[in-house]
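In: below is the sequence, then the predicted model.
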Amino acid sequence: MTVAPTSTTPTQATVFVVSVMMLATGAVIIYAMGHPAICTCGTIKLWHGITYSPENSQHLSDWYTASHLIHGLVFYAALWLVARRRPVGLRLLIAIFVEVGWEVFENSPLIINRYRTVTISLDYFGDSVINSVFDVLAMMVGFVLAWRLPVWGGVATVVALEVFVGFFIRDNLTLNAIMLIYPVEAIRLWQAGG
């Protein structure tokens, strides 16, 4: 369904500028919270695939990038349900706002300590700024995929990503949420290789 432009429909330029402003604001806040701009190892990698290492969540992408792609697919679906008459550009801006807010919250001492206390991520100290920015960009890719894919394609993408990542690293968005909200000892032991 195409939405006819109105005075409240943001232009592509407006969506781009506001998106960049939100990304930059989130990056500045995370940096001000004491997180490094890039990995303290001094390098920037396109991919870092070792989950339990000090470099996890420090580079452009890692196994948890899949979770942020899923965020985009879920945000698109949720916003379609509650705001389908709103222009897709406006819904994207709402999704970016929520994702940037999550990145800031996720990198707060409260959540970092929660991860370290209830999961096997004992060496987790939060994301680098560049990793947080690329997490938001991954969410945006997921949002656009959901916009363009048929519903079954979006659902299949979420299931495939969850199964694939869960198989390879014994973690995924679902397990991460469970362990953050209501930790299950059996899951923690399984994730530790038990």
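Out: Good, I have the coordinates.

In: in the protein, mark out all the helices, start to finish.
Out: Assigned by DSSP state H, the chain shows helices spanning 12-32, 65-83, 88-106, 109-118, 129-148, 151-169, 173-181, 185-191.

In: in the shortest one, what counts as buried?
Out: Yep, that's helix 185-191 we're talking about. Ile187, Gln191 (16 or more other CB atoms under 10 Å). C-beta coordinates here come from the backbone N, C-alpha and C atoms, glycine included.

In: which residues are contacting that helix?
Out: Val118, Thr119, Ile120, Arg170, Asp171, Leu175, Ile178, Met179 (CB atoms under 8 Å, 6 or more residues apart in numbering).

In: just the fourth one next, same as before
Out: Residues from elsewhere that reach helix 109-118 (CB under 8 Å, 6+ apart): Phe105, Glu106, Ser121, Leu122, Tyr124, Phe125, Gly126, Met179, Leu180, Pro183, Arg188.

In: nearest to Gly34 among the residues you listed?
Out: Gly126 (8.5 Å; CB to CB).

In: look up phi and psi at the closest one.
Out: With angles defined as degrees, to the nearest 10, Gly126 sits at phi 100, psi 180.

In: residues near it, how many?
Out: Neighbourhood size, Gly126 [other CB atoms under 10 Å]: 22.

In: write the ChimeraX selection for whichever of the contacts of helix 185-191 are buried.
Out: Buried members of these, defined by 16+ other CB under 10 Å, are picked up in ChimeraX with:
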select :118,119,120,171,175,179
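
In: determine which two of the contacts of helix 185-191 are furthest apart.
Out: Val118 and Arg170 (15.3 Å).

In: write a ChimeraX command that selects only the buried members of the contacts of helix 109-118.
Out: Burial among the contacts of helix 109-118 is assessed by 16+ other CB under 10 Å; the matching ChimeraX selection reads:
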select :106,121,124,125,126,179
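
In: show me the shaky parts of this protein.
Out: Low-confidence segments of the chain (pLDDT under 70): 1-7, 122, 194.

In: can you do 80?
Out: Where the chain drops to pLDDT under 80, the residues are 1-8, 119-123, 194.

In: from the chain's centroid, how far away is stretch 181-194?
Out: 22 Å (CA atoms, centre = their mean, to the nearest Å).

In: output that stretch as PDB, nothing but the C-alphas.
Out: Extracted as PDB, the C-alpha positions of stretch 181-194 are listed here (Å, rounded to 0.1, in the frame of the first residue of the first chain):
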ATOM      1  CA  ILE A 181      15.300 -10.900  31.800                       C
ATOM      2  CA  TYR A 182      14.900 -14.300  33.600                       C
ATOM      3  CA  PRO A 183      18.200 -16.200  33.700                       C
ATOM      4  CA  VAL A 184      17.800 -20.000  33.400                       C
ATOM      5  CA  GLU A 185      20.700 -22.000  34.800                       C
ATOM      6  CA  ALA A 186      20.200 -24.900  32.300                       C
ATOM      7  CA  ILE A 187      20.700 -22.400  29.400                       C
ATOM      8  CA  ARG A 188      23.800 -20.900  31.100                       C
ATOM      9  CA  LEU A 189      25.400 -24.300  31.500                       C
ATOM     10  CA  TRP A 190      24.600 -25.300  27.900                       C
ATOM     11  CA  GLN A 191      26.100 -22.100  26.700                       C
ATOM     12  CA  ALA A 192      29.200 -22.800  28.700                       C
ATOM     13  CA  GLY A 193      29.500 -26.100  26.900                       C
ATOM     14  CA  GLY A 194      28.000 -28.300  29.500                       C
END
